[in-house]
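Student: Here is my input, please return the structure:
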Amino acid sequence: MKIKRWVLLCLALCLTLTGCDGGGHSHDTQAPLAMTVSPARDEVVNGANSVISVTFDEPLDATTIDLATISLEDGDGNAVAGTVSYDDSTYTVTFTPATVLQSLTTYTVVVAAGIADNAGNVREDDMVWSFSTSDFSPPDPPVSE
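Tutor: This is a model prediction of the structure:
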């Protein structure tokens, strides 16, 4: 009986100790990671009113998100004017172009280094990808004979 209690006590103690992390707190040491982007890399977008979004794996420091950290360029390398917003409930950064995107054009999105999470971990590398727009120009009027 004493041996059974002793074994159960040792087992309970072992289980308790393996569940402890030494009393310390785990600290976030990883920079935010982009989980999804839209439009996707090399995607052909069927609309002129596309917005660009990047969803991260953790909350971001909103003060590090602006037009210097996310931008859009047209096929000639010209900056596309727009606005940037951040949704802290979904960890999503959105770039909304100020004008309609051009038909049949390749655009490049740049998410520059510098975006940080709430723990101060900063992305050190740029993330760059491109997408294209389809032909959404109005069709030519029918020719009368």
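
Student: For this structure, give me the ranges with low pLDDT.
Tutor: For the chain, the stretches flagged by pLDDT under 70 are 1-26, 145.

Student: Could you tell me how many residues sit around A79?
Tutor: Using other CB atoms under 10 Å, the number of residues around A79 comes to 11. Using the backbone N, CA and C atoms, a C-beta is placed for each residue, glycine as well.

Student: hang on, I meant V143
Tutor: Around V143 there are 5 other residues, counting by other CB under 10 Å.

Student: Let me see the contact set for it.
Tutor: Going by CB atoms under 8 Å, 6 or more residues apart in numbering, V143 touches no other residue.

Student: just A79 next, same as before
Tutor: S71, L72, E73.

Student: May I see these organised as a markdown table, with distance to D135 added?
Tutor: Formatted as a markdown table, those follow (distance: CB to CB, whole Å):
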| residue | distance to D135 |
| --- | --- |
| S71 | 25 |
| L72 | 20 |
| E73 | 20 |
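
Student: Which of these sits closest to A98?
Tutor: L72 (10.1 Å; CB to CB).

Student: Count the residues that sit near the closest one.
Tutor: 22.

Student: Would you mind giving the secondary structure of it?
Tutor: strand (DSSP: H, G, I helix; E, B strand; the rest coil).

Student: Just to check, it is in contact with P97?
Tutor: Yes - applying CB atoms under 8 Å, one finds L72 in contact with P97, separated by 6.4 Å.

Student: Find residues that contact each of those two.
Tutor: Common contact partners of L72 and P97 (CB under 8 Å, 6+ apart): I52, V80, G82.

Student: Skipping adjacent residues, who's closest to the first one in space?
Tutor: Yep, that's I52 we're talking about. Nearest non-adjacent residue to I52, counting by CB to CB, 6 or more residues apart in numbering: F95, 4.2 Å away.

Student: what bridges to that neighbour?
Tutor: Per DSSP bridges, the residues bridged to F95 are I52, V84.

Student: can you give me the helices in the chain?
Tutor: 2-18 (DSSP state H).

Student: In it, mark out all the strands, start to finish.
Tutor: Remark: strands assigned in the chain by DSSP state E are 34-38, 44-45, 52-56, 70-73, 82-87, 92-97, 106-111, 127-133.
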